[in-house]
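> Structure, please.
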Amino acid sequence: MVMFFFLVVALAVVVAAVTLAVVGGGEGTGPLPEAVPQRLHDPLPPDRPLDRSDVDRVRFPLAARGYRMADVDDALNRLGAELAERDARITELESALAGARRPEPHVSMEKPEQEEQR
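As a prediction, this is how the structure comes out:
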């Protein structure tokens, strides 16, 4: 019987503590203020091409379920566009270099010497 009485009292204390935590137990405490959404603090520089240090420094703010998709999508789109531009430039330079390395055909304006007749 003592054990039953102890369990009832313990259950009442737990219910009171949970109720107090949920309701908020004090006067003057209104609802929680609206959370201000975090924004990307150090965006990628728009005025120059990106380099490795820019990519290393970028940190995405956390949202309720991970990162803000819009910030990540913007950064990845920018990186993808710059990589595509660099790849095109590299291809262009490699083809120009291959054209410069090709030996030009040697055209001689001299008349070949005829071998002596036997």
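> Could you tell me the end-to-end distance of stretch 47-65?
Terminal residues of stretch 47-65 are spaced 32 Å apart (C-alpha to C-alpha, to the nearest Å).
> If you could redo that for stretch 59-68, that was the one I meant.
11 Å.
> Strands of this protein, start to end?
62-63, 66-67 (DSSP state E).
> and the last one, how far out from the chain's middle?
If I follow you right, that is strand 66-67. Distance of strand 66-67 from its chain centroid, counting by C-alpha atoms, centre = their mean, to the nearest Å, is 11 Å.
> Tell me where this protein is predicted with low confidence.
Within the chain, the stretches with pLDDT under 70 are 24-32, 35-37, 40-42, 103-108, 112, 114-118.
> now the helices: where do they sit in it?
Assigned by DSSP state H, the helices in the chain fall at 2-23, 52-57, 69-101.
> If you count neighbours, what's buried in the last one?
If you call a residue buried by 16 or more other C-beta atoms under 10 Å, then helix 69-101 has these buried ones: Asp71, Ala75, Arg78. Where C-beta positions appear, they are placed from N, C-alpha and C, glycine not excepted.
> With distance to Ala88 as added columns, please give those in CSV.
Shown next, in CSV, are those (distance: C-beta to C-beta, whole Å):
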residue, distance to Ala88
Asp71, 27
Ala75, 21
Arg78, 16
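> Ramachandran angles for Trp59?
Quick fix: residue 59 reads Arg, not Trp. Phi and psi for Arg59, reported as degrees, to the nearest 10, are phi -130, psi 130.
> just to revisit the earlier point, for the helices of the chain, which one sits closest to Glu34?
Each of the helices of the chain has some distance to Glu34 by C-beta to C-beta; the shortest is helix 69-101, at 19.1 Å.
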